[in-house]
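Visitor: Give the three-dimensional model of this entry:
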Amino acid sequence: MGVERKWFCTCGGTPLELEIPTTPVSEDEVDEPVCRRCGASPSSDPRKTLYYQDVETRED
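Guide: Numbering: from 1, shown residues only. Below you'll find the model as predicted:
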């Protein structure tokens, strides 16, 4: 069993799970999830609309 952190953004009023971008922003930056509505990420959340949940995952 492991724990996976899922990030959500409430910029549109309802929670939306953040996604890892398919195209890298730059080679120097680590891939981190981004909101597809407003562009917020865990390292850049000026409106304070992000939150996370730790979800237990099962390894079969």
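Visitor: Would you agree residue 10 is in contact with residue 47?
Guide: No - with contact defined as C-beta atoms under 8 Å, residue 10 does not reach residue 47; the gap is 9.4 Å. All C-beta atoms are positioned from the backbone trio N, CA, C, and that covers glycine.
Visitor: Can you give me the distance of residue 31 to residue 41?
Guide: 10 Å (C-beta to C-beta, to the nearest Å).
Visitor: When these two are compared, which one has more neighbours?
Guide: residue 41 (18 against 10; other C-beta atoms under 10 Å).
Visitor: for the record, mean pLDDT for stretch 49-58?
Guide: Mean per-residue pLDDT for stretch 49-58: 92.
Visitor: Give me the distance between it and the centre of its chain.
Guide: How far stretch 49-58 lies from its chain's middle: 9 Å, per C-alpha atoms, centre = their mean, to the nearest Å.
Visitor: Show me the contact partners of that stretch.
Guide: Outside stretch 49-58, the residues within contact range by C-beta atoms under 8 Å, 6 or more residues apart in numbering are 1-11, 18, 35, 38, 40-42.
Visitor: One more pass at 7 Å, please.
Guide: With C-beta atoms under 7 Å, 6 or more residues apart in numbering as the test, stretch 49-58 has contacts from 1-11, 40, 42.
Visitor: Ranking by neighbours, what's the top pick from those residues?
Guide: Going by other C-beta under 10 Å, residue 9 tops the contacts of stretch 49-58 with 24 neighbours.
Visitor: Can you name the residues bridging to it?
Guide: Taking DSSP bridges as the rule, residue 9 bridges to residue 16, residue 50.
Visitor: Surely it touches residue 42?
Guide: No - counting by C-beta atoms under 7 Å, residue 9 does not reach residue 42; the two are 10.2 Å apart.
Visitor: coming back round to it: I'd like the contacts of stretch 49-58 laid out as JSON lines, including secondary structure, pLDDT and distance to residue 22.
Guide: Output for the contacts of stretch 49-58, formatted as JSON lines (DSSP: H, G, I helix; E, B strand; the rest coil; pLDDT from 0 to 100; distance: C-beta to C-beta, whole Å):
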{"residue": "1", "secondary structure": "coil", "pLDDT": "75", "distance to residue 22": "29"}
{"residue": "2", "secondary structure": "strand", "pLDDT": "89", "distance to residue 22": "24"}
{"residue": "3", "secondary structure": "strand", "pLDDT": "91", "distance to residue 22": "25"}
{"residue": "4", "secondary structure": "strand", "pLDDT": "91", "distance to residue 22": "19"}
{"residue": "5", "secondary structure": "strand", "pLDDT": "92", "distance to residue 22": "20"}
{"residue": "6", "secondary structure": "strand", "pLDDT": "94", "distance to residue 22": "18"}
{"residue": "7", "secondary structure": "strand", "pLDDT": "96", "distance to residue 22": "17"}
{"residue": "8", "secondary structure": "strand", "pLDDT": "97", "distance to residue 22": "19"}
{"residue": "9", "secondary structure": "strand", "pLDDT": "97", "distance to residue 22": "18"}
{"residue": "10", "secondary structure": "coil", "pLDDT": "97", "distance to residue 22": "23"}
{"residue": "11", "secondary structure": "coil", "pLDDT": "95", "distance to residue 22": "21"}
{"residue": "40", "secondary structure": "coil", "pLDDT": "93", "distance to residue 22": "18"}
{"residue": "42", "secondary structure": "coil", "pLDDT": "93", "distance to residue 22": "18"}
